[in-house]
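*Asks:* 3D model of this:
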Amino acid sequence: MSAEQAPVDGVVVIDKPAGVTSRDVVDRVARLLGTKAVGHAGTLDPLATGVMVVCIGRATKLVDFVHQCPKQYAVTFQLGRSSPSDDLETEVCVESAPVQPRLQEIESAAADQRGDILQYPCAYSAKKVDGRRAYKAARKGRPLALEPKRIRIERLTIARYEWPRLECEVTCSTGTYIRAIGRDLAAALGTTAVMERLVRTAVGPFELSGAIPLPPAVVSTDLQKEFLAAVQPPLAAVRHLGRFKLDEAALEEATWGRHIDLPATVTTETLAAVGPDGSMAGILRRLGHGRYRLRPNFRGRS
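*Replies:* Have a look, this model is predicted:
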């Protein structure tokens, strides 16, 4: 970031290409803006493409709120095949006499995958156990014992089926392993599956149609200006939260870290706080009895 440029706070939607990691995306944005205050709201595997919501500056404190938003995917599985990673990143084993389920059977099995379910993470995942990443242990031939996690699959529809390819559309909660959906769906049908293709089409209100390409590694002033034009204000990250506009007096109190009293009709646990100028002041968190405190505080005083 140049000496003349003000610090950047906001969110930008990147269309991640295949072959790069989520960490690569964050590093590319950080290098472009000359700041370390960059984070993403949801990992995508290297082979996956699509929406990555990148938070910059003080907006990095809003990553957990973006995680509350459902995620949408378009995915293609190959049935009758398996691999240690449940995708094409590791050696694929093709079944010699695979079961070839009918579409009606797949539809029936998919019904059991919808709603609130317990899902075992993939052996090759970024899940940590005692400080160790599951995929690192799996690569060494010592897979970790992973506990199931409760997730929610709001939508799982069959878009197209022509053996061995099964195309699905998924809307789910954060923490869902799309590869595991194919793994578990296939297991219910008496076969196996690997994920061939994955596109994240949306994270909450952030859609692929509004995403920008990952900036090239070579930084230039024109590129920086073009990128900054795509950065949305921090409020964009919390569109799903209610908002409360603070007057100057309340904003002053909250800015100093003191609690403020909101009307008794306000009982929401968290609210996006907006100052008189319409910009985000932070997140109001309920302390109880109508009292709220600004955490995170975007206008904190030293």
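*Asks:* Look at Ala134 and say how many residues are nearby.
*Replies:* Counted by other Cβ atoms under 10 Å, the residues lying close to Ala134 total 20. All C-beta spots, glycine's among them, are computed from the backbone N, C-alpha and C.
*Asks:* again, but for the one 3 residues further on
*Replies:* The tally of other residues near Ala137 (other Cβ under 10 Å) stands at 15.
*Asks:* could you give the mean pLDDT of the strand ranked longest in the chain?
*Replies:* Scanning the chain for the longest strand, with DSSP state E as the assignment, gives strand 149-162. Strand 149-162 shows a mean pLDDT of 97 in the predicted model.
*Asks:* So what are the sheet partners of that strand and their directions?
*Replies:* Sheet partners assigned to strand 149-162 using DSSP bridges are listed as strand 115-119 (antiparallel), strand 165-172 (antiparallel).
*Asks:* any idea which of those is most buried?
*Replies:* strand 165-172 (a mean of 20; mean count of other Cβ atoms under 10 Å).
*Asks:* So if we follow the domain assignment, how does this protein break up?
*Replies:* Taking automatic domain parsing as the domain assignment, the record places the domains of the chain at 10-68+206-237, 71-202, 241-297.
*Asks:* now the first one, how far from the chain's geometric center?
*Replies:* Going back to what we said before, that points to domain 10-68+206-237. The offset between the C-alpha centroid of domain 10-68+206-237 and the centroid of the whole chain comes to 11 Å, using Cα atoms, centre = their mean, to the nearest Å.
*Asks:* what do you get for the second one?
*Replies:* The chain centre lies 17 Å from the centre of domain 71-202; the measure is Cα atoms, centre = their mean.
*Asks:* what's the span of it, first residue to last?
*Replies:* One end of domain 71-202 to the other measures 6 Å (Cα to Cα, to the nearest Å).
*Asks:* Repeat that for stretch 216-227.
*Replies:* Taking Cα to Cα, the first and last residues of stretch 216-227 lie 11 Å apart.
*Asks:* ok, residues contacting it?
*Replies:* Where contact means Cβ atoms under 8 Å, 6 or more residues apart in numbering, the residues beyond stretch 216-227 that reach it are 2, 5, 12, 28-29, 31-33, 212, 215.
*Asks:* likewise stretch 77-91?
*Replies:* With Cβ under 8 Å, 6+ apart as the criterion, stretch 77-91 contacts 45-47, 92-95, 98-101, 122-124, 135, 138, 163-168, 179-180, 182-183, 185-186, 189, 191-196.
*Asks:* Rounded mean pLDDT for it, please.
*Replies:* 95.
*Asks:* and it, which residues are buried?
*Replies:* Neighbour counts using 16 or more other Cβ atoms under 10 Å place 77-87, 89-90 of stretch 77-91 among the buried residues.
*Asks:* what are the C-alpha coordinates of that stretch, in CSV please?
*Replies:* Presented in CSV, the C-alpha positions along stretch 77-91 are these (Å, rounded to 0.1, in the frame of the first residue of the first chain):
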residue,chain,number,x,y,z
PHE,A,77,-19.1,-36.6,-8.7
GLN,A,78,-17.8,-39.7,-10.5
LEU,A,79,-19.5,-42.8,-9.1
GLY,A,80,-17.8,-46.1,-8.9
ARG,A,81,-14.5,-44.6,-8.0
SER,A,82,-12.7,-43.8,-4.7
SER,A,83,-9.6,-42.1,-3.5
PRO,A,84,-8.0,-41.3,-0.1
SER,A,85,-8.9,-37.6,-0.5
ASP,A,86,-12.4,-38.3,-1.9
ASP,A,87,-11.5,-36.2,-5.0
LEU,A,88,-9.1,-36.3,-7.9
GLU,A,89,-6.1,-35.0,-5.9
THR,A,90,-5.0,-38.4,-4.9
GLU,A,91,-4.8,-41.8,-6.7
